[in-house]
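can't give you the sequence, but here's the structure:
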C-alpha cells in the first residue's frame, strides 16, 4: 500500500537523488572535505552500512559477555579488529575508545559518538489503576532518560588533527518525549551544525522514550508483541523521529527497526533528504538478519543498516564475514542468497 | 463594541503607522538592512502572510500523513515547493530544514525558527476532586512545556553568510504560564535583541500553556467548545500574550486565533507597534479559512495570518492557489469572494 | 513610637545625607556620569518619583483594560506619552518597550527593567490540615516564583550607545523566600555591580513571596486585611527586604507599601544609604494616593514613590496632572492640599 | 581526654607552626601580598578575631531590631563604625555593603563575603512516624539550603583596585549535607583557588544542614539541649567540617561553636594547617562570651573567634569596648579577668 | 573458569602490552611528558599502587578518628608523611590538600582528585511493599549521589606550574546509575581529554550507586553478604564500570573490589587497555590485605591496588612498612610471604 501511495514522491527522490547532498551550513572551504567524508562512508551511493558499537556505555557489559556471545567479544579490541578487517561503511563508537585504540587501527573510517548513558535506570510501567499509591510510587521512582554531550565537535576536530585518524563524522542520541528532550534537541542541533562547519557528517540516533511515551512506542517490543494491529501507530512515530532528524539538519538518522519493513516507507518519506538506517537490535539468526536488511532497503526503501550486536557478538572471523555479507546487500545490491554465500 | 471603544487609539495607530518601524536596538549600520527585510515580508505595508511550517518537530508526522492529508505532504520538499512557487510573505521553518533544502530553493524569503519541541508529552487534566490520589498522580505525571533555543542568531547569521540565502528574520516560541516560562522569556528577549543587532526581523510565537493555565486558555478548544460566554477572558489572555511580545521588543507576534475575530481588537491594542498574526490551526474548509482571515484583519484589525497545515495538507497545486488567495486578502485588500476566485 | 526610637540615627542620616552617594565600585572615569544620572532622577535631592510600568509582562493585560481603566490605557504608547508629557523622575519599563518606542519619546529619563515574569502561575494556600491529600496536592501544584534576567547591563549599555536615549539606570526584581531566591540574588548582585561599572543607577524591586512565605508577608493583603495586630511583623519583613537591597549595593529599593506609613521607619533605617520607595499597588482614589505618598515620606521618612497603575489607568490628561501632583509632594515638599490643587 | 590523645600531634603542629603558611597555588608575584594580608588580620600570629556581620541578608532584620538589641544597631553604618573604631582583626560583610560604605570607612581591613541567603525558608522536622501523610507533606515542603556566589573574586579584585580599600580576603558559606552541597563545594573550591591567585586570604563558613542532617548536627541546639551524652558525634561532625575546609584549601574555617570547648580539639586536628574560628551565635552575657572564647582557644586549641551579634547588638560604645576585650584574649593572650576589665 | 575462557585474549593483551600506551588525544608535544608521567607511577610496568586518600571530604572525619584508628591519623599531615616516606606509586588527594601541604612534601608524585562529595546524605532502602506511604516517603527523601568537579584540569596545570610539584595526573569519581550520571559522565569525559591535552594521566573512580541500583550492586556488601550465588551479576556490573572507563578514554580505573579475586577477570577484559585497580575498603588485617592484593593481581589479572584507609589508619611507621609490602607485591612480583616479611 505504501509503495503505491508514495510512488510519485519516491521516484522523484530517487531521480533527483540526495547523494552527495551538501548542507547549506557547510562553509565553502569545507565543501570538498564534507563530500569526501560522505562519499567515503556511502561509497558514492546513497547507502550506508554503519558498524554501530557504543554499547560499552549504553548497555554496560551485557552485550559483551554471556550466553550466546563469543568470548572474542569480551575485550574492546574486538570491535576495532572487526572494523579494520571487515567490510563496513564506517565504525561508530565513543571518542574515548577511538582515543585509546585508534592509533593501532588507522585504516578505519570513524564516526565519533558524542553522548551516551548507561542502562542502569529502568522504568517501572504505569500501574493498571492510575490513582493508586503503587502508581504514585512508580511515577516518583521513574526518571526520564537523558544522555548528555560528553565531547564537543571541537574535541573531535582536535583529535582528528592530533591523531591523523580518518574521522568522517559524529553521532548523537536523542530521546524524544523525555522530560529532558529539550536539552538533547538543543545539543543535537548544535552538534549537527558544528559538524557541518568542520566538514563532518552528522548522524542522529533518535528514539522516543520516557514516562510519557506509551509502551506502544517501544518499537522493538511492539514489533515482537503486537504485530499488525497497531503497526500504523508505530510507523507514524517512526516517521516523526526521522522527520525530526531532517528538521535538525542531520545527514543520517538511525532508528529502531519496526516489525515490518514496509512500515519504513512513511518514515523514509518524512526523512526527506536525510538518509535512514535502522538498528539491528538483539542478536538474531544470521540469515534472518540479512533478510531483514534486504527487505528494509528494498521494501522499506531506506538507505541501509546500523548493526552492532549482530556482528560483534560473533567470533572475529564470523563477524568479518558478516560485514562482507551486509555490505554486499547495502552497497552492491546483492540478493539475500548472494549475501549468505559470503558467510 | 470594541471597534467603538478603541476608535481613537486605532485611528491614531493607523495614521502614524508602525510600518517600517525600526527598533532602537538596531545599530545604525544595520537600519537599512532591517528595513529591507521588513519591507520584503510585509510588501511595504503593515501586513504579513507567514507560511508557518515548523510542525515536523512540533507535531511529528501527524500533520503530514493520514486522513484528509494529500500524499504530496509526506515529504518535506513539499513545504519548499509551496514556498518557492506560491505567493507568500515569508516561510518560517527550522534552521535544519533550511540548511538541507535552502540551496535548491533560493528564491524563498526565510524566517528561521530557532526552537521547537515535540508533542509527545501530554498533560492530564486536573481531576474534578482536588485532594485525591488520582489528582496527585496527575500532578506528578504532568510536565510543563519547555522549548529550548536550538540555534542562535549567530548561527543564523553564519548560515546566511555561507549560503547567500534570503534570510529575513528569526522566530521563537514561548509558553507563558509554564514552570519554565522564565527560561523561554530570557531566550526570547535575547533572540529579539540579537536579531535586531544583525538587522533581522524577530517574530515570537506566544501560547499560554501548562498545568497552571486553566483549560479556558486553550484558545482553540475554547473557541470551539465554550462560545460567547467566557469569550472575554480569552480575549484578555490573548491580549496578555501580544503585550508580552511588545514588551520583549518583537516585530511580529503569532498567537492562536480566538473564536471570534472581534476578540482580537483588544489584543491588537495591547500589541502596540508589534504586528499581530494568528495561526490557522487544524485544517478547515478553504472558503472558511479565507473568511476567517478576512474577518480577523478587517474586524479584528490585526496584521495578517500565519498559515501552515491549512496550506501544506493540500496538493502542491491546491496549496499554491491557496497562497495566492490568502495573499490577495492580506496584501491586496481583496474580498473573500475575490480571493475564492483564485482557488 | 518609631519616630522617637530612631531619632538619633535618622538625624544623623539626614545631616550627613546620602544624596549623590557614589558607590565604591563605580570606576573613576564613570563617577561623573553616575552622579549625573542620579541627580537627573532625584533632582539633586534624596527623593525619587519613579513611574514604574512593567505590568505588561508582570500582570499581562489586566491592568490595561477593564472596569475602572480608561480606554487610553489599552495601548503601550499611553505609558510613553505620560512619561514624556508628565512630570516624573524616571520611567521604569522593560528593555523591549524602550527599544520599540524610545526613538519617538527621546525626552524621557529611562530606568531599564531587566527581568519580569507573568502572573499566570498562582499559589494555592496551605490547607488548614497539613497532613491531608489536599495539602499534598497543593504543595505539589505550587511553584515558587522566579523572574530571570532577560537583558544584561551590557545590552543596556549597547542600546544607550546605539539609540542615544537618556538611560539613567536599570531595575531588577527579587522574590525573597522563593526556592529560586539564590538565582535572583546572584543575578541582582551582578546587575547592581555591572550597572555601577557603567555609571548607571541600580534599583531593586524586592518582595518576599513563595510557598514558605506566610500569608502575613503579603503586605498589600495584610495591610488591608489584618490591620494593626500583626503590623510589627510586616514592618520587620519589610526592613529585611530593604536591608537586603543595601547589602546587595543597590542605590534604590522599591518595596510594597505597608498598611501604615509609620511602619516604614524601621525599613528606612535598615536600608541605610539605599533610597526607599514604595509601590502604589491597585488603583485608589487620587486624593487618597497623594495622602499616602505624603505620609510615607513625612511619617515613614522614605525617599519617594514608585507609581504605575494609579497613574496610567487614567486618561492621558488625568495621568499627566497626577504626575504633577505626585512630583510636587516628592520633589517640591508640597502638602497634600497643594498637590490636590494640581489635579 | 582529647588533650592527652592528641598531645603529640598538637605539639608538632605548634612547633612547626602554620603561621604565615603560603598555599602552593599563590603565584610567586603574589606571595608577598598574600603574606601581608594574612599578617594584617592575624597580627603576625596564628590567631584571628573576625568581626563577622553578614546578617543583613542571612537573618534579614531580626538581628538588628527588637528586644535586647540597642537602637544603634538599626542602621548598617553601625557595623562600619564598630569596625573602624573598635579593635578587630578583620570585618567580614557582603560586597554590597562595602561598596556602599567603604569609602567612608577606609581604615578597616575587609573580608568580602561572596554568598548569602535569607532565613525565610524554614525546615519542618521529620515526623515521629515516617510513613504518614504528614511526613510526606513535610518532605515535599522542605527545601535544602543553597547559597550561591553573588560576586566573584574578580569582582573583589576590581573593587579593591577601583576603591583602594584594604581588602584582605574573601568569605564563602557551604551547607554540607544539603541536596545542593555539590554546587557550594564547587563554588567554594574555586573561590579559594581564585583568591589565592590574587594574593587574598580565603575563609570558609561551613555548616552541616538540610533534610538529611539529623537534628543532632544542629550544633547550637545540640549543645544547649543534649549535653554530654551525644557530644562526641557533634565533635566528629565538626571535625568533618573543618577537614573539608582544609581539603578545599581554605586558610581559615568558621564553624558553629560546640557545647564544650574541649570538643573543638578533634576539629582543630582535622583542620590541619587551616585556622579554625567559631561563631558566637545568639547574644549571651558579655562575661560569658569572653569566657567561651578563652576556653575555646585555650582548651579547644583553636585560633580565635568570629563574632557578630554579640558585638553589634550593643551600643556603639559598648561594642567598641567588647572588640577590645575580645582582641585582648585572641591576640594578646589576656585572661578572662584581664579582658573583662576592658569592658 | 574465567582463566580458561579468556585465555586467548589475555595472552594477546599481555604480549602486545598496554604499558606506555599513549592515547591518541595527547598532542605530539606532550607525548614525552605523558609517557614520563605514566612511567613514574607505573615504574615502567603496567602496574600501579595508588595511595588513595580523598576521604577527608568523602567520609568526613570518620576514617581519621575513632576505634581502631591510630591517633597519628587525626591530622592531614599524616597522609603526606606516609606518601613522602613510604613506597607508593602515586598519592591521590584533593587539590586543596596538595595546595596546603605540597610545598613541604615536594618528593611525592601526585594525582590531583578533582571532585568529591560528603557522605552525609544517606539512602533509605526501598520498602518491602512498594505501594505504601512508607515507600513513597523513602523515594521522596532519597537523593541520588552527585559529585561535581571542584577544580579544572587547567587549575591543576596552573598549580603545577606555580608550585613546581611533581603532579602526574588527575582523578575524578562517577556514580553510574545516579539520576545525575549524565553530569558526571560529561565532566569525566572532559577531565580525561583535557588531562591528555596537558600530558597528564587520567584516573576514574567508578561506582554504580543510587536509588535505581539494586542493593546487589553494592559490591562490598554483596561480597560479604551474598557469597557465590549472585557473584556473576556483581562481576558483570563491575565489568560494566571498567568498560565505561575505557570508553571514556581513561588510563586507569579504580573500582570496588569484589568478593572473590576471580570475579575481576571479566572486568579486566572489559577494561581493554585501561589499567584496573581496586579499592581496599574498610580496614582489614594486614596479612589479609596483602593476600587480597596478591590474588587480585595474580588471579584477577588486574593491574594493582588503590589503598587508603588500610594504610593511613595505622601509625606512621606501620603505614610506611605497609606501603613497602604492597609495593613489593604490585611492582616487584613478591609473594604474600615475602611482602609480609616487610611489615
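Done, it's in. In this text the structure is predicted, and so the values were computed from the model without any measurement.

use CA for all of it now, contacts and neighbours both
OK.

helices or strands next to the strand or helix carrying residue A:305 in the packing?
Element membership of residue A:305 [criterion: DSSP states H and E] is strand A:304-307. For strand A:304-307, the packing partners by 3 or more Cα pairs under 8 Å, 6 or more residues apart in numbering or on different chains; DSSP states H and E come out as strand A:48-52, strand A:275-279, helix A:286-298.

and the first one, what does it pack onto?
When contacts are defined as 3+ Cα pairs under 8 Å, 6+ apart, strand A:48-52 sits against helix A:31-42, strand A:90-94, strand A:304-307, helix A:316-332.

just give me the neighbour total for residue A:179.
Residue A:179 has 22 neighbouring residues, counting by other Cα atoms under 10 Å in any protein chain shown.

so what's the closest residue to it other than its chain neighbours up against?
Leaving aside its sequence neighbours, residue A:179 sits nearest to residue A:144 (Cα to Cα, 6 or more residues apart in numbering or on different chains; 5.9 Å). Residues near residue A:144 by Cα atoms under 8 Å, 6 or more residues apart in numbering or on different chains: A:178-180, A:209-211.

coming back round to it: so for the strand holding residue A:305, mean pLDDT?
For strand A:304-307, mean pLDDT is 98.

do stretch A:247-262 as well
Averaging pLDDT along stretch A:247-262 yields 96.

likewise for stretch A:280-297?
For stretch A:280-297, mean pLDDT is 93.

what do you get for stretch A:174-191?
Rounded to a whole number, the mean pLDDT of stretch A:174-191 is 98.

what's in contact with that stretch?
With contacts defined as Cα under 8 Å, 6+ apart, stretch A:174-191 is touched by A:144-149, A:152-153, A:170, A:172-173, A:202, A:204-213, A:241, A:248-249, B:96, B:117-121, B:143, B:146-151.

one more: stretch A:76-94?
Residues from elsewhere that reach stretch A:76-94 (Cα under 8 Å, 6+ apart): A:40-43, A:48-54, A:72-73, A:101, A:105, A:107-115, A:171, A:312, A:316, A:319-321, A:323-324, A:327, E:247-248, E:270-272.

so which of the contacts of stretch A:174-191 are in strands?
Among those, the members found in strands (DSSP state E) are A:170, A:172-173, A:202, A:204-208.

among those, who's most crowded?
Highest neighbour count within these, by other Cα under 10 Å: residue A:204, with 29 neighbours.

isn't that residue right next to residue A:169, touching?
No: contact status for residue A:204 versus residue A:169: not in contact, 10.8 Å apart, counting by Cα atoms under 8 Å.

would a markdown table of the helices and strands packed on strand A:48-52 with distance to residue B:62 and mean neighbour count be doable?
Output for these, formatted as a markdown table (distance: least, Cα to Cα, whole Å; neighbours: other Cα atoms under 10 Å in any protein chain shown):
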| stretch | distance to residue B:62 | mean neighbour count |
| --- | --- | --- |
| helix A:31-42 | 31 | 20 |
| strand A:90-94 | 31 | 28 |
| strand A:304-307 | 25 | 28 |
| helix A:316-332 | 30 | 23 |
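
if we can go back for a sec, redo the ones in strands among the contacts of stretch A:174-191 as JSON lines? Include distance to residue E:88.
Output for these, formatted as JSON lines (distance: Cα to Cα, whole Å):
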{"residue": "A:170", "distance to residue E:88": "41"}
{"residue": "A:172", "distance to residue E:88": "41"}
{"residue": "A:173", "distance to residue E:88": "42"}
{"residue": "A:202", "distance to residue E:88": "46"}
{"residue": "A:204", "distance to residue E:88": "46"}
{"residue": "A:205", "distance to residue E:88": "45"}
{"residue": "A:206", "distance to residue E:88": "48"}
{"residue": "A:207", "distance to residue E:88": "48"}
{"residue": "A:208", "distance to residue E:88": "50"}
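
residue contacts, residue A:326?
Residue A:326 is in contact with A:49, A:290, A:293, A:339, counting by Cα under 8 Å, 6+ apart.

out of the residues you listed, which is nearest to chain D?
Ranked by distance to chain D (Cα to the nearest Cα), the contacts of residue A:326 are led by residue A:49 at 43.4 Å.

roughly how far does the closest one sit from residue B:124?
Residue A:49 is 42 Å from residue B:124, where distance means Cα to Cα, to the nearest Å.

show me which of the two is the more surrounded one.
Taking other Cα under 10 Å, residue A:49 and residue B:124 do not tie; residue A:49 has more neighbours (27 against 14).

buried ones in stretch A:163-182?
Using 16 or more other Cα atoms under 10 Å in any protein chain shown as the burial criterion, the residues of stretch A:163-182 that qualify are A:163, A:165-182.

give me the element residue A:112 is part of.
Here residue A:112, judged by DSSP H and E, is contained in strand A:110-113.

who touches that strand?
Residues from elsewhere that reach strand A:110-113, judged by Cα under 8 Å, 6+ apart: A:54, A:90-95, A:98, A:156, A:166-172.

can you check stretch A:42-57 too?
A:17-20, A:38-39, A:41, A:61, A:63, A:79, A:83, A:88-94, A:113, A:116-118, A:275, A:277, A:303-309, A:326-327, A:330-331, E:240, E:243-244, E:247.

could I get the average pLDDT for that stretch?
96.

ok, and the closest non-adjacent residue to residue A:118?
Leaving aside its sequence neighbours, residue A:118 sits nearest to residue A:58 (Cα to Cα, 6+ apart; 4.5 Å).

contacting residues for the one you found?
Residue A:58 is in contact with A:116-119, counting by Cα under 8 Å, 6+ apart.

hmm, 10 Å instead?
Going by Cα atoms under 10 Å, 6 or more residues apart in numbering or on different chains, residue A:58 touches A:115-120, A:147, E:240, E:244.

now do the helices in the stretch 51-200 of chain A.
With helices called from DSSP state H, counting those that start in this stretch, the stretch 51-200 of chain A shows them at A:55-58, A:77-85, A:95-101, A:133-141, A:153-163, A:181-197.

show me what the third one is packed against.
This means helix A:95-101. Applying 3 or more Cα pairs under 10 Å, 6 or more residues apart in numbering or on different chains; DSSP states H and E, we find helix A:95-101 packed against helix A:77-85, strand A:110-113, helix A:153-163, helix E:181-197, helix E:231-247.

adding distance to residue E:129, write these out as JSON lines.
Formatted as JSON lines, the helices and strands packed on helix A:95-101 follow (distance: least, Cα to Cα, whole Å):
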{"stretch": "helix A:77-85", "distance to residue E:129": "44"}
{"stretch": "strand A:110-113", "distance to residue E:129": "41"}
{"stretch": "helix A:153-163", "distance to residue E:129": "47"}
{"stretch": "helix E:181-197", "distance to residue E:129": "27"}
{"stretch": "helix E:231-247", "distance to residue E:129": "24"}
